[in-house]
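S.K.: fold the following and give me the result.
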Amino acid sequence: QVQLVESGGGLVQAGGSLRLSCAHSGRSFISYAMGWFRQVPGKEREFVAAIRPSGGSTYYRNSVKGRFTISTDNAKNMGYLQMNSLKAEDSAVYYCAARYGMVSYLVNEYDYWGQGTQVTVSS
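M.R.: Got it, this is the predicted structure:
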């Protein structure tokens, strides 16, 4: 079993930065792709970024490219989402997720989810 715990959300002004963290418990951290998703009330959960800890390949939704950076610390079983130049439209609950094997952009292909952390960007 894998458990994920996010932290690092909060309130920030537009243009500011936040770093989200995701603690991954369980074995074989590098065997699991990690994704970050976000959701606002009344809308579907959407893909933000993903990474393969083994190899480090990264993937982003277009609207966050150049502003967000996904990374992992494989020694600590941790994932991160560094968010810079935040905009009001980035406000959402952010979730980290894990799936065994390859990266996916699809919510229903991830097996493990954290509880979510709120990010609010004031304009």
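
S.K.: how near is the residue positioned nearest the centre of the chain to residue 77?
M.R.: For the chain, residue 36 is the residue whose C-alpha lies nearest the centre (C-alpha atoms, centre = their mean; 2.4 Å). Shown here: residue 36 relative to residue 77, a distance of 16 Å by C-beta to C-beta, to the nearest Å. No exception for glycine: its C-beta is placed from N, CA and C like everyone else's.

S.K.: same question for residue 66.
M.R.: Distance from residue 66 to residue 77, counting by C-beta to C-beta: 28 Å.

S.K.: ditto for residue 50
M.R.: According to C-beta to C-beta, residue 50 and residue 77 sit 17 Å apart.

S.K.: please say which of these two ends up with more neighbours.
M.R.: residue 50 (24 against 19; other C-beta atoms under 10 Å).

S.K.: check contacts around the more buried one.
M.R.: Applying C-beta atoms under 8 Å, 6 or more residues apart in numbering to residue 50 gives the contacts 33-36, 58-59, 70, 103-105.

S.K.: look up which residues are beta-bridged to residue 5.
M.R.: With DSSP bridges applied, the residues forming beta bridges to residue 5 are residue 23.

S.K.: counting neighbours, what do you get for it?
M.R.: Around residue 5 there are 13 residues (other C-beta under 10 Å).

S.K.: picking that back up, surely the residue nearest to the centre of the chain is within a strand?
M.R.: Yes: with DSSP: H, G, I helix; E, B strand; the rest coil as the criterion, residue 36 is assigned to a strand.

S.K.: and the pLDDT for it?
M.R.: At residue 36, the model reports a pLDDT of 98.

S.K.: residue 16 versus that one, what's the distance?
M.R.: Using C-beta to C-beta, residue 36 is found at 18 Å from residue 16.

S.K.: likewise for residue 112?
M.R.: For residue 112 relative to residue 16 (C-beta to C-beta), the value is 30 Å.

S.K.: pick out whichever of those two has more residues nearby.
M.R.: With neighbours defined as other C-beta under 10 Å, residue 112 and residue 16 compare such that residue 112 has more, 18 against 14.
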